[in-house]
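Asker: need a 3D model of the sequence below.
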Amino acid sequence: MGDISDKDPLKGELFDVNADLVHAIMELVSDGIWDWNANTGFVYRNPGWYEMLGYNPHSLENTVFTWESVIHPDDYPHVMKVFDDYINSRATHYQVEYRCRKKDGTWLWIEDRGYVIARNPDGSVWRMVGAHRSIHERKRSLEQLERRNQSLEALVAERTRELSRVNQQLQLQLDENRSLAERDTLTRIASRYRLEKALLEECERAQRFRLPLAVIAMDVDDFKPINDQHGHAVGDATLLQVVERLEHCVRQGDLLARWGGDEFMVIMPKSTVETAMVLAERIRQAVLDIPPVGDFKVTLSLGVVQRLDHESPTNLMARADQALYRSKAAGKDRVSQ
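Answerer: Numbering: from 1, shown residues only. Alright, predicted model coming up:
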C-alpha cells in the first residue's frame, strides 16, 4: 500500500471529525501508531507508541521533532532519505528499519511504515499516518546469527590457513622425497627410479614421433675386489671419479643414471646406435685416466642398443644389459652392441 491521497478529496471539517475518530481508535491499538498533520505540525501518537519506548502515554511533545530526537544518529540520514523520497513522490512507499532511543537510554529496533492519506492542492503532504512495530528480537537474533556466522567464518578461515600451511609442508616434503627418490644418494646423479620413469617417457615419445632412441649400459670392471680389499670408502671414492668422467662426456639432453651398485646407464633421446657407439667409446677412454686403486686398473665395459619399434622399456634395458655382458665376456674394457 502506498500513497492513497489520490482518492476522493475530503473536506476540512469532515477530515477533522475523522481525525478525532481515528485518534480514539488508535488509543485502543497496542502497536505504535502515529498521525501527522503536516499543515499544523501536530503529531498524534497512541499509547502503544510511548509504551514501546518506555514513556508514559502523551508525555512528549506532539511534534515531528520528538520523532527526530529518538532516532539513532547513525540511522538518521538513511531514515530521512527514505522519508523524503516518499513524501516527495520519488518512492512508492515508506518503510524503514532503524533504532529508537528508549527512556532508559537503550536502543530499540523498530520498523516504521507510513502512508500519505491526503495532499494539499500543490501536492505537498497534508496528512500521513503510520505505525512503529518492534523488530528488536528479530534484529537481535539476526545479529547473534551474524556473530556466529562471523565466528564460524573466522574458524573456517583459520582452519583453511592451517590446512594450507600443512599442505605446503606436505608439498615441500613430497618435493624433497621426490628429489631424494630421483637422485642417487652417493653420486647425486639420477637414481634408478628416475631412470625407469624417464626411459618410459622417452620410449613413448620415440614411438609417438618415430624418433630413434639409444641406451648405453656400463659396469665398472672387477669392482667387487676394490671394495673387499680397500673398503667401501675407497670403493665409493672410485665411483665418484667414474661419475665425474661420465658427466663430462654425456651430451646436454642425455640422462646419466646409476642403475645400481657399480652399474650406470645413459638414455640418449633422438640418437641412433652409431651416435651412441661414439659416445660409449669416449666414455670408455675417459675413465682410463683414473689412477689405479692398488693393483686394480679402473675400466668400464659398455653395451649399446637402439630401441626397436614398439619395444618396451623393460625389453630395451634387458638388451642393453645383454650387450654389456657381451663386452664382459669378450675381455672387458670394451664397447659392444
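
Asker: now the strands for the stretch 1-150 of the chain?
Answerer: 32-37, 42-45, 94-101, 107-119, 125-134 (DSSP state E, counting those that start in this stretch).

Asker: what mean pLDDT does the third one have?
Answerer: Pointing back at strand 94-101 there. For strand 94-101, mean pLDDT rounds to 96.

Asker: what comes up buried for that strand?
Answerer: The neighbour-count check on strand 94-101 (16 or more other CB atoms under 10 Å) flags 94, 96, 97, 98, 99, 100, 101 as buried. Backbone N, C-alpha and C define where each C-beta goes, glycine included.

Asker: tell me the domain ranges of the protein?
Answerer: 12-134, 137-182, 192-336 (automatic domain parsing).

Asker: okay, now the unreliable bits of the chain?
Answerer: 1-30 (pLDDT under 70).

Asker: can you give me the helices for it?
Answerer: In the chain, the helices defined using DSSP state H lie at 12-26, 47-52, 64-70, 76-87, 136-182, 192-209, 223-230, 232-249, 273-286, 313-329.

Asker: residues in contact with stretch 172-188?
Answerer: Stretch 172-188 has contacts (CB atoms under 8 Å, 6 or more residues apart in numbering) with 189, 190, 191, 193, 194, 197, 236, 239, 240, 243, 257, 258.

Asker: would you indicate which residues of it are buried?
Answerer: 182, 183, 184, 187.

Asker: do you know how far the third one is from residue 259?
Answerer: For residue 184, the distance to residue 259 under the criterion CB to CB, to the nearest Å works out to 10 Å.

Asker: follow-up on the earlier one: ChimeraX command for the buried members of the contacts of stretch 172-188?
Answerer: Listed next is the ChimeraX selection for buried residues among the contacts of stretch 172-188, using 16+ other CB under 10 Å:
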select :189,190,191,194,239,243,257,258
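
Asker: how about the contacts of stretch 172-188 in CSV, adding distance to residue 128?
Answerer: Listed next are the contacts of stretch 172-188 as CSV, based on distance: CB to CB, whole Å:
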residue, distance to residue 128
189, 90
190, 87
191, 87
193, 84
194, 84
197, 82
236, 98
239, 99
240, 97
243, 95
257, 90
258, 93
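
Asker: now stretch 172-189 - C-alpha only, CSV.
Answerer: C-alpha atoms of stretch 172-189 as CSV (Å, rounded to 0.1, in the frame of the first residue of the first chain):
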residue,chain,number,x,y,z
LEU,A,172,57.7,-29.4,0.5
GLN,A,173,58.1,-32.9,2.0
LEU,A,174,56.8,-34.5,-1.2
ASP,A,175,59.2,-32.4,-3.3
GLU,A,176,62.1,-33.3,-1.0
ASN,A,177,61.1,-37.0,-1.1
ARG,A,178,60.8,-36.9,-4.8
SER,A,179,64.1,-35.3,-5.1
LEU,A,180,65.6,-37.9,-2.9
ALA,A,181,63.9,-40.7,-4.8
GLU,A,182,65.1,-39.3,-8.2
ARG,A,183,68.7,-38.6,-7.2
ASP,A,184,71.2,-41.2,-6.1
THR,A,185,72.4,-40.5,-2.6
LEU,A,186,76.1,-41.2,-3.3
THR,A,187,76.8,-39.9,-6.8
ARG,A,188,74.0,-37.2,-6.9
ILE,A,189,73.1,-38.3,-10.5
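
Asker: if we can go back for a sec, as a markdown table, the helices of the chain with distance to residue 106 would be great.
Answerer: Supplementary listing: those in a markdown table, determined by distance: least, CB to CB, whole Å:
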| stretch | distance to residue 106 |
| --- | --- |
| helix 12-26 | 25 |
| helix 47-52 | 12 |
| helix 64-70 | 12 |
| helix 76-87 | 17 |
| helix 136-182 | 10 |
| helix 192-209 | 72 |
| helix 223-230 | 89 |
| helix 232-249 | 82 |
| helix 273-286 | 90 |
| helix 313-329 | 80 |
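
Asker: closest one to residue 111 among those helices?
Answerer: For the helices of the chain, proximity to residue 111 was assessed by CB to CB; helix 136-182 is nearest, at 9.1 Å.

Asker: mind checking how far the closest one is from the chain centre?
Answerer: Chain-centre distance of helix 136-182: 10 Å, with CA atoms, centre = their mean, to the nearest Å.
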